[in-house]
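K.L.:
Predicted coordinates and the sequence they were generated for:
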Amino acid sequence: MCAVFGIVGKTPANQRIYDALLLMQHRGQDAAGIVTASEKKISVVRGEGLVKDVFRTRDMRNLSGSIGIGHCRYPTAGKSDNKEEAQPFYVNAPFGIALGHNGNLTNSLELREDMVQRDQRHINTDSDSEVLLNVFAHEMQRHSRSVNVDSGLIFKAVAALYLRVRGAYACVAMIPGFGVIGFRDPWGIRPLVIGKMQTESGIEWAIASESVALQGLGFTLERDVLPGECIVLTIDGKLKSKVCSIGSSANPCIFEYVYFARPDSLIDGVSVYDARLKMGRSLAEKVKLEIGSNDIDVVIPVPDSSRPAALELALNLNIPYREGFIKNRYVGRTFIMPGQEVRQRSVRQKLNAIGSEFKGRSVLIVDDSVVRGTTSKQIIQMAREAGAKRVSFASASPPVRYPNVYGIDMPTRNELIAYGRSIGQIERALQVDKLIFQDLSALVNDVLSFNKKLDGLEASCFDGNYVTGDIFV
């Protein structure tokens, strides 16, 4: 999972791209990059680490121009410790194209071979994003009939790209002297939204992974980029769009609503916060059936993303809600940290239990999901050490039993605690008294109830059904 952002403005873009990436830092902590253009001149700054650590004052001064794109990286393809894989990537020919990508390609190996052997393009890293950029650049070159760029050429190139590329991808690209381009995979797995601002100098446009980045900069959220749609934002303030895929359907990733997106974001017409509240109401019904409210003294969320669900659950069961864990905000999200050893080491650095909320009580801990079980097991242990007499654990989502191949770091089954285990076996592995998972049908209904126009949700990590049709487990 990554963050992408692009802007076509009337004033310097550097600070606004930086601010947008800060607002979406939760989507990737491994690396960050900004590319801007002033007329035909491109400026690039990329590096490993958090946004605040990558860019210095001298870097910002060098990032000149009123158009540009930015990226925060969370590695799911390639290497996490290779600064050359920080995005956006850039190719000189044709036209000079920079591109940032959120998602994962499922046929990247095949595409890489095509690029090298048939299209004779050089791929410098192991990143599937660089492959995607080269597919786009090749199709731009193949369809070009002059030295000029126009929206018609871009639409043809993206249409050809859709015929070749499979997987999840929400992309922003920039061509100096022309503008910024955004396009989204035909299944709508990864999010992408458009914002508009009217200024005294004219209209400014922005495109981002989440609406919070637009709103934080003062843009008005216009709409989501449609599945299979290409958006062209030109330097003269015009927006042109076209659905370039032969077929498309809206199946956003369910994990955006469960965990990944900020609660104040709108994704495909659905408020993430409202969806999480409804997840809590549905989870309360499941808890009633399996435990009952009389055996629970207090409901405690795992901060931060499970708070809305935990609060609504507690209200519906008429059980006290308490903040029992305090989060150190200077430690990254363990779920998206590369490497199991790093995750295990960071859990207790990230959370600390308030003993008075646990001592002598039967507690129900609520989290958004249980993936590897690393965090859950340590949290349960912390509750016991704090004096809880009984620990139950409720997940607002079903057991994660299958790998996610569309841009979330769940690459192998053996890393998933639910793989090959019954609920009882997972309980014993986590050393918890009672474990409750939400049903998938309830979770899907909770999200889809806010937007009836969605065709479905990409929920392969729960049910093993991959919407692109080229993954079999």
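P.N.:
Nice, I can see it.

K.L.:
How is R421 assigned, secondary-structure-wise?
P.N.:
Counting by DSSP: H, G, I helix; E, B strand; the rest coil, the backbone at R421 sits in coil.

K.L.:
Which residues are in contact with it?
P.N.:
Taking C-beta atoms under 8 Å, 6 or more residues apart in numbering, we find R421 in contact with A429. To be clear about C-beta, it is placed using only N, CA and C from the backbone, and glycine gets the same treatment.

K.L.:
where's it relative to G373, distance?
P.N.:
Distance from R421 to G373, counting by C-beta to C-beta, to the nearest Å: 10 Å.

K.L.:
just G6 next, same as before
P.N.:
Noted for G6: a distance of 38 Å to G373, by C-beta to C-beta.

K.L.:
and those two? which has more neighbours close in?
P.N.:
More neighbours surround G6 than the other of G6 and G373, with 32 against 18 (other C-beta atoms under 10 Å).

K.L.:
show me the contacts for the more buried one.
P.N.:
By C-beta under 8 Å, 6+ apart, the contact list for G6 reads 67-70, 100, 172-174, 180-182, 206-208, 233.

K.L.:
Give me the pLDDT for it.
P.N.:
Looking at G6, its pLDDT reads 98.

K.L.:
State whether it is indeed within a strand.
P.N.:
Yes: the assignment for G6 (three-state DSSP) places it in a strand.

K.L.:
Check which residues of the top helix by length along the chain are buried.
P.N.:
Counting residues, the longest helix found in the chain (DSSP state H) is helix 272-290. Neighbour-count burial for helix 272-290 flags 272-280, 282-284, 286-287 (criterion: 16 or more other C-beta atoms under 10 Å).

K.L.:
swap in stretch 44-62?
P.N.:
Quick answer for stretch 44-62 (16+ other C-beta under 10 Å): 44-48, 50-51, 54-55, 59-60.

K.L.:
Domains in this protein, by residue range?
P.N.:
Listed domain ranges for the chain are 3-249, 271-463 (source: automatic domain parsing).

K.L.:
what's the first-to-last distance across the first one?
P.N.:
End-to-end distance of domain 3-249 (C-alpha to C-alpha, to the nearest Å): 22 Å.

K.L.:
Please apply the same query to the shortest one.
P.N.:
When the termini of domain 271-463 are compared using C-alpha to C-alpha, they are 24 Å apart.

K.L.:
can you map out the helices along the stretch 351-473 of the chain?
P.N.:
374-385, 423-430, 440-448, 460-463 (DSSP state H, counting those that start in this stretch).

K.L.:
now do the stretch 201-350 of the chain
P.N.:
With helices called from DSSP H, counting those that start in this stretch, the stretch 201-350 of the chain shows them at 211-216, 254-255, 272-290, 307-317, 340-350.

K.L.:
Centre of the chain to the shortest one, how far?
P.N.:
So the one you mean is helix 254-255. The chain centre lies 9 Å from the centre of helix 254-255; the measure is C-alpha atoms, centre = their mean, to the nearest Å.

K.L.:
Who are the contact partners of the residue of the chain positioned farthest from its centre?
P.N.:
Going by C-alpha atoms, centre = their mean, the residue of the chain most distant from its centre is G360, 39.0 Å out. Contacts for G360 (C-beta under 8 Å, 6+ apart) come out as 387-389.

K.L.:
Quick check: it vs D297, distance?
P.N.:
Distance of G360 to D297, given as C-beta to C-beta: 9 Å.

K.L.:
And for S422?
P.N.:
Taking C-beta to C-beta, one finds S422 at 28 Å from D297.

K.L.:
Neighbour count: these two, which is higher?
P.N.:
D297 (18 against 10).

K.L.:
Quick one: residues contacting the more buried one.
P.N.:
319-320, 361-363.

K.L.:
what comes up buried for stretch 356-368?
P.N.:
The neighbour-count check on stretch 356-368 (16+ other C-beta under 10 Å) flags 357-358, 361-368 as buried.

K.L.:
let me redo that: stretch 406-423
P.N.:
The neighbour-count check on stretch 406-423 (16+ other C-beta under 10 Å) flags 406-410, 415-418, 421 as buried.

K.L.:
In the residues you listed, find the pair that's most separated.
P.N.:
The distance between the two most remote of the buried residues of stretch 406-423 (C-beta to C-beta) is 25.2 Å, for G407 and R421.

K.L.:
ok, back up a step: what is in contact with R421 and G373 at once?
P.N.:
Joint contacts of R421 and G373 (C-beta under 8 Å, 6+ apart) are A429.

K.L.:
Can you report phi and psi for D128?
P.N.:
phi -70, psi -20 (degrees, to the nearest 10).

K.L.:
burial count for it?
P.N.:
Per other C-beta under 10 Å, the neighbour tally for D128 reads 26.

K.L.:
For it, which non-adjacent residue is closest in space?
P.N.:
Nearest non-adjacent residue to D128, counting by C-beta to C-beta, 6 or more residues apart in numbering: S108, 3.8 Å away.

K.L.:
Just the pLDDT at the one you found, thanks.
P.N.:
S108 is given a pLDDT of 93.

K.L.:
next one: D470
P.N.:
D470 is given a pLDDT of 87.

K.L.:
contacting residues around it?
P.N.:
Here D470 is in contact with 106-107, 166 (C-beta under 8 Å, 6+ apart).

K.L.:
In TSV, list the residues you listed along with neighbour count, distance to V131 and secondary structure.
P.N.:
Listed next are the contacts of D470 as TSV, based on neighbours: other C-beta atoms under 10 Å; distance: C-beta to C-beta, whole Å; DSSP: H, G, I helix; E, B strand; the rest coil:
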residue	neighbour count	distance to V131	secondary structure
T106	19	12	coil
N107	16	9	coil
R166	20	12	coil
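
K.L.:
Adding distance to I379 as columns, could you present these in CSV?
P.N.:
Formatted as CSV, those follow (distance: C-beta to C-beta, whole Å):
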residue, distance to I379
T106, 33
N107, 38
R166, 37
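
K.L.:
tell me which of the residues you listed is nearest to S151?
P.N.:
Closest to S151 out of those is R166 (24.9 Å), distances taken as C-beta to C-beta.
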